[in-house]
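here's my sequence, what's the structure:
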Amino acid sequence: MANQANYSKIGFAVVAGAAAIVLTLVYLGGALGKGEVVYAETYSDAPVSGLSVGSAVNLRGVKVGEVKEISFVGSEYDDAKGEDIPKIYILIAFTTSKMRTTEDEDPEEHLREFVKKGIHATVTSSGVTGLSKIELNFPRTPIETRPISWRPRHVCIPPAPSMLESFADSAARLMNQLNRMDFVAAWSNVAAVAESSANIAANVDELVDDGKAGIESIVRDMEEAAARVRELATDLRENPSLLIRANDPDPLPETKR
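Here you go, the predicted model:
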């Protein structure tokens, strides 16, 4: 009889615990259904390794929501076309109390305003653990946002590449440019330019040698002219009247006899 009483108590505790869990889930579900969260979505062209359902979504470092679902755009939208089909679809659940600035403001409209102002979503690594999160920021440099082929059910936040992805893209573009360069032709052009420069220098030296005698004659004439100018300046300094009359002026007509 004592054992049966103990079994009854254990059974009652198990049932009560299960009921408490169910009631908690029902309460949370009801609370969420009453507008405690607002949904938005984003997408990614790159792999989202480390990102999972429940990963944090931060706005300028402050957690404002979490990842609710991860899928493919082609699986979520039948109207997705072409290269949009394999893109990764990410559904985000935002906490409404953190996504509004006034009591009467609609959180979804607040999100739309953020999108108009240039907010972007970036999948970033949380550290050495390999886990990832979504960071929402307003990039300082403009980011080209390509049009999408599907019609989103929620506010769509455009993606932005992470710093590592941007560095990898820049490195890839640089390598592609280097691969397209013809180093042999470039070196041949450099060698040709150097040879042309040497020929020009040789021609200049030859021209200088050929005109050396003429240059010496011009220099001598200039020296002689300078000497005459100095002599004239000396005469004028000693006899300034030379500027207005000759040394031996002719007599006036009325004084001639």
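
show me where the stretch 1-150 of the chain has helices.
For the stretch 1-150 of the chain, helices defined by DSSP state H, counting those that start in this stretch occupy the ranges 2-31, 73-76, 107-116.

which one of the ones you listed has the poorest average confidence?
Ranked by mean pLDDT, the helices of the stretch 1-150 of the chain end with helix 2-31 at the bottom, a mean of 57.

residue boundaries of the strands in this protein?
Counting by DSSP state E, one finds strands in the chain at the ranges 37-44, 56-59, 62-72, 88-95, 120-125, 132-137, 155-156.

other residues contacting the first one?
Outside of strand 37-44, the residues within contact range by Cβ atoms under 8 Å, 6 or more residues apart in numbering are 65, 68, 73, 87-96, 99, 107-108, 111, 121, 123, 134, 148, 152-159. Quick note: C-beta positions are derived from backbone N, CA and C, even for glycine.

relative to it, what are the paired strands and their orientations?
strand 88-95 (antiparallel), strand 155-156 (parallel) (DSSP bridges).

with the third one instead?
As defined by DSSP bridges, the strand partners of strand 62-72 come to strand 56-59 (antiparallel), strand 88-95 (antiparallel).

save these as a markdown table, and put in mean neighbour count too.
Shown next, in a markdown table, are these (neighbours: other Cβ atoms under 10 Å):
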| stretch | mean neighbour count |
| --- | --- |
| strand 56-59 | 18 |
| strand 88-95 | 21 |
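
mind putting those in CSV, distance to residue 223 included?
Shown next, in CSV, are these (distance: least, Cβ to Cβ, whole Å):
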stretch, distance to residue 223
strand 56-59, 85
strand 88-95, 87
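
could you export the ones you listed as JSON lines, including distance to residue 187 and mean pLDDT?
Below are these laid out as JSON lines (distance: least, Cβ to Cβ, whole Å; pLDDT from 0 to 100):
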{"stretch": "strand 56-59", "distance to residue 187": "52", "mean pLDDT": "92"}
{"stretch": "strand 88-95", "distance to residue 187": "45", "mean pLDDT": "94"}
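
show me the one of those that comes nearest residue 226.
Nearest of these to residue 226, taken as Cβ to Cβ: strand 56-59 at 83.6 Å.
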